[in-house]
Each structure stands twice: as structure tokens, then as C-alpha cells.
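Participant: Based on what follows, work out the 3D shape:
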Amino acid sequence: MLIVNPPDYNRIKDISSNTKQIRLRDHIGGFDRYYKNNLLDTINLNKTEVHYHAHLPNAVKNNYPNINFKFDIDTQENLNLRSMSEFKTNNINLYENFLCTLLGSFHESRMLLASILHKSQLWNDDYCTKNFEYDWNTVDGVIAYYTENKEHVYNRFFIDHSDIDKKIISIDYDHCNTVHNMKATELLVGNSCITIVAETIGESYVPFVTEKFLQNIVTKTLFLGYAQPGWHHTLVDQYGFKLYNSVFDYSFDDIKNPVYRLLRLIEMISKFRYLTKKDWHEIYLAEKDTIEYNYNHYYSKKYLTCLKQFDKSNNA
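Facilitator: Residues are numbered from 1 along each chain as shown. So this is what the prediction gives:
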């Protein structure tokens, strides 16, 4: 089996027609609005079995009839899910802050998230991290692409021409060292009412679950993902976690366009921003049972059973 990691994606172009099995790791560049992927476009030239650690929808599989997709649960567990299993929270939840988000490497979605949070005055340098730079022209171009050249309307929600684009706000960040980073940021997450999880390539059109949501599962805190459409449903249907339905409206999760999805997400959470610290604590108490369920579901590894059951039913 040919195993291809992110830095080696160009190797796919050189594979032999005799290659029968390939294991892909990481985000592989995401999927566009037509459920196409540049890497899979190349593989589709061969009759190949592709092992990948995310379940791909039929919309993708129909685009690649020459590929036999196999869900790789071991890679998903080893690469993403088990990463927090050694972390134990200190349960410090003081609710001193409304919103936290931790932005690692650059993706278009993280650039949009940083911009709209800052423009909406939801960004707090003491509780938000950002380990990349960008420029406002890039923001404008991305918005134009996703809103069919209506950026003159939608960029008003994102662009404030401040210095947030060039700021690097980091707290002992070590790329891919999950537990190390969690120890450094536990207080930021624990003391915030809500964390927005900035998933890898949130502008993609196919759900891709990494370890990032686990920072809130293990610290017993509330979170929402700015991720791909259907990402929250994936956590429920495939992984067996529960959503915080008594507090949040997850209708934004069904919106495919990444700009419109983010706008709906920010609109939904904005009503919580002016509540008191006591109110934020009451919100936590309203979802305490679900928070405890998710915590126990993770540490018991029952999510693996759910993944196996979903894979079995999906291939029945």
C-alpha cells in the first residue's frame, strides 16, 4: 500500500497504474462546491482502492467511479481522536470572557473568522490566538469568490482595515502538538462561555473532523464549529456525540456556502454576548448533562463503536 502524507501529495502524480491501494492522510486540500478534489482527480485515472480517515458522501463518490473508498478508522484514531486521551482538565471555569477561538495555521476560513470576529467586536486578544498573517485584499477576493461578486455588500461584515490581519497572537503554540497546546490554552477555553472551533479548511464542502473539538470535550466547555457544512451532524451521526440543542440553533450547519454559514453562526451567538457572567454560567448548567455525556463518551472511547457501526451500515 502506498501511504501518502500531506507533504508528499505530489507523489500521486507519479504512481504506477499497477498501484492498487493508497492510504491518504490529513485534509487532502478539501472539496469544492462540486464535491471535487484535485488530488482525487489524479487518482481517478487508475482503478484504485483509497483508504481515507473521513467518510465521504455519495456526492464525492459519484465523481470518482474508478475509486473504491475505504474508511480508515485506525488512522483517524491515531492521527486525531486519541490525541487528548492523556489530558485531564483542572475544571477551572470562571466565565470571565464571552468567546474564545484558537487559530493555528492559515486557511481561508480562519482568515474570515478572525476578520468577522474583529469587525463584530467579538475578538479579544487575551482569549483568541492567531498564528498567521493575511491582508485585506485577500479577504475581499475570497468574499467575492463565494458571494458571486457581491463583495461590496458582504465585505462590510468582515473588513475593518485594522491591524488584525498582521497580528500574530500566540501562546506557546507548537503545530500538531495537541496536548502541549491544550495545556497552554486551557484557561482561555475554560474561562470562556463559548469557543468557536476553527476546523481545518472550513471552506471545504465536505465534513472533516480533526482533534480540535476535543479541547472543549475534555475541558467540559461549550463549543460551536466554524467548519464544513454538516460538520456538527457528523459528530452526532458518526461519532455519537451530542449537541447543545437547548442553547444553540444549529441551522447554520446546513448552509453550504462558507461565507453565509459564518454570517449565520455569528448572528446566532451574538445574542449571548451581552449576558452577565451569571447568565453564562446558567447556560452551562442548562447543558451540563450533555457536557458530561460527551466527556464520558470520549474517555470511554465509545465513539469508536459508533464509527464502526456507521461504517458498517454505510457499506451494507
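
Participant: Just the C-alpha atoms of stretch 255-272, please, in CSV.
Facilitator: Written as CSV, here are the backbone C-alpha positions of stretch 255-272 (Å, rounded to 0.1, in the frame of the first residue of the first chain):
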residue,chain,number,x,y,z
ILE,A,255,-25.6,26.2,4.9
LYS,A,256,-23.2,25.1,2.2
ASN,A,257,-21.7,28.5,1.3
PRO,A,258,-18.8,29.2,3.8
VAL,A,259,-19.4,33.0,3.9
TYR,A,260,-23.2,32.7,4.5
ARG,A,261,-22.6,29.9,7.0
LEU,A,262,-20.3,32.1,9.1
LEU,A,263,-22.6,35.0,9.0
ARG,A,264,-25.5,32.9,10.3
LEU,A,265,-23.2,31.5,13.0
ILE,A,266,-22.1,34.9,14.2
GLU,A,267,-25.7,36.2,14.1
MET,A,268,-26.8,33.2,16.2
ILE,A,269,-24.2,33.7,19.0
SER,A,270,-24.4,37.4,19.2
LYS,A,271,-27.5,37.4,21.4
PHE,A,272,-25.4,35.8,24.1
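
Participant: Contacts made by it with the rest, please.
Facilitator: With Cβ atoms under 8 Å, 6 or more residues apart in numbering as the test, stretch 255-272 has contacts from 33, 98-99, 108-109, 112-113, 116-117, 120, 122, 143, 146-147, 154, 157, 193-194, 196, 202-203, 205, 224, 226, 229, 248-249, 251-253, 280, 283. Bear in mind the C-beta positions are built from the backbone N, C-alpha and C, glycine included.

Participant: Could you pick out the buried ones from those residues?
Facilitator: 98-99, 108-109, 112-113, 116-117, 120, 122, 143, 146-147, 154, 157, 193-194, 196, 202-203, 205, 224, 226, 229, 248, 252-253, 280, 283 (16 or more other Cβ atoms under 10 Å).

Participant: Among the contacts of stretch 255-272, which are located in strands?
Facilitator: Among these, the members falling in strands (DSSP state E) are 98, 99, 193, 194, 196, 224, 226.

Participant: can you redo the residues you listed as a markdown table with distance to residue 43?
Facilitator: Putting the ones in strands among the contacts of stretch 255-272 into a markdown table (distance: Cβ to Cβ, whole Å) gives the following:
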| residue | distance to residue 43 |
| --- | --- |
| 98 | 44 |
| 99 | 40 |
| 193 | 44 |
| 194 | 39 |
| 196 | 34 |
| 224 | 34 |
| 226 | 29 |
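
Participant: Helices of the stretch 151-300 of the chain, residue ranges please.
Facilitator: Secondary structure of the stretch 151-300 of the chain by DSSP state H, counting those that start in this stretch: the helices cover 151-154, 178-190, 214-219, 231-237, 258-270, 277-286, 288-299.

Participant: Could I get the buried residue list for the fourth one?
Facilitator: Under the neighbour-count criterion of 16+ other Cβ under 10 Å, helix 231-237 has 231, 232, 234, 235 buried.

Participant: and if you look at the last one?
Facilitator: Residues 290, 291, 294, 295, 297, 298 are the ones in helix 288-299 that count as buried (16+ other Cβ under 10 Å).

Participant: Quick check on the closest residue in space to residue 128 that isn't next to it in sequence: phi, psi?
Facilitator: Excluding its sequence neighbours, the residue lying closest to residue 128 (Cβ to Cβ, 6 or more residues apart in numbering) is residue 101, at 5.2 Å. Main-chain torsions, residue 101, degrees, to the nearest 10: phi -150, psi 140.

Participant: In the stretch 1-150 of the chain, where is pLDDT below threshold?
Facilitator: The model of the stretch 1-150 of the chain has pLDDT under 70 over residues 1-18, 91-92.
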